[in-house]
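Engineer: compute the structure for the input listed below.
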Amino acid sequence: MAYVNRRSGFRRQSFGYKAPVELGKVYESDIIEMSRRGDAGVAKIQGFVVFVSGAKPGDHVKFEITKVGRRYATAEVVKAQEEE
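Structural biologist: Got it, this is the predicted structure:
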């Protein structure tokens, strides 16, 4: 009987999934909540999570993407406008 050497375990594949944000581009959104660590605001672009440093809930900000991962991106504030 022949044995086949296979990797065990579950491995998620991306199948060509591309994040809806791009490195270096500027986006505009509302900050909906604070991150769990409390050091960044959380925005969503087409359901994709973006951690925006220096922002707080209720802010409407323009931000530039500084890092893009598979599950989230990080960004820096370009321009903030307080909502009234």
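
Engineer: need the contact partners of the helix or strand of the chain with the lowest mean pLDDT.
Structural biologist: In the chain, the helix or strand scored least confidently by mean pLDDT, DSSP states H and E is strand 72-82, which has a mean of 84. By CB atoms under 8 Å, 6 or more residues apart in numbering, the residues outside strand 72-82 that reach it are 19, 21, 26-27, 40, 43, 48-55, 58-67. C-beta coordinates here come from the backbone N, C-alpha and C atoms, glycine included.

Engineer: how about that strand: buried residues?
Structural biologist: Applying a neighbour-count criterion of 16 or more other CB atoms under 10 Å, one finds 73-75, 77, 80 buried in strand 72-82.

Engineer: buried stuff in stretch 17-32?
Structural biologist: 19, 21, 27, 29, 31.

Engineer: wait, what's in contact with the third one?
Structural biologist: Y27 makes contacts with 21, 43, 45, 50, 62-63, 65, 75, as judged by CB under 8 Å, 6+ apart.

Engineer: that one is in what secondary structure piece?
Structural biologist: Element membership for Y27, per DSSP states H and E: strand 26-30.

Engineer: please name the nearest non-neighbouring residue to V78.
Structural biologist: Excluding the flanking residues, the one nearest V78 by CB to CB, 6 or more residues apart in numbering is K62, at 4.4 Å.
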